[in-house]
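S.K.: Following is a predicted model, sequence given first.
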Amino acid sequence: MIRFLADASLRDAIVSGCLRREPAIDFLSAHEANLAGVPDPDMLALAAAEGRIPVTSDFRTMPRHFGELLEAGGSSAGVFLVKHAYTGGRRN
């Protein structure tokens, strides 16, 4: 099973929406993981140690930190970058 870890920049509504749509998904929120104030490199290390894919909306610094993790010999299945957008309604 694929496991995910939301960082503190990701809106809780995204995590809860994913879980509503697919209750079996293993998606740990930043709140559940106590990630408030945790630096990106530490969050990435935690995700890697727990076998989780990081999910973030931090387009500014996370790609650089993810690249640094890989350059330092770390491993990860990837990182999901999610753009926050309001569509004004629900899409199906």
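M.R.: Received the coordinates, thanks.
S.K.: what's near enough to touch the closest residue to Ser29 other than its chain neighbours?
M.R.: Spatial nearest neighbour of Ser29, chain neighbours left out: Val15 (4.6 Å); criterion: C-beta to C-beta, 6 or more residues apart in numbering. Using the backbone N, CA and C atoms, a C-beta is placed for each residue, glycine as well. Applying C-beta atoms under 8 Å, 6 or more residues apart in numbering, we find Val15 in contact with 6, 27, 29, 55.
S.K.: can we see that at 7 Å?
M.R.: Contact analysis of Val15 by C-beta atoms under 7 Å, 6 or more residues apart in numbering lists 6, 27, 29.
S.K.: Make TSV out of the residues you listed and add neighbour count, pLDDT and distance to Leu46.
M.R.: Below are the contacts of Val15 laid out as TSV (neighbours: other C-beta atoms under 10 Å; pLDDT from 0 to 100; distance: C-beta to C-beta, whole Å):
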residue	neighbour count	pLDDT	distance to Leu46
Ala6	28	97	12
Phe27	19	97	15
Ser29	19	95	13
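S.K.: and which of these is nearest Val82?
M.R.: Ala6 (9.1 Å; C-beta to C-beta).
S.K.: Any idea what the closest one is bridged to?
M.R.: Beta bridges link Ala6 to Val55, judged by DSSP bridges.
S.K.: Need the mean per-residue confidence for the helix or strand where Ala13 lies.
M.R.: Using DSSP states H and E, Ala13 sits within helix 12-21. The predicted model assigns helix 12-21 a mean pLDDT of 94.
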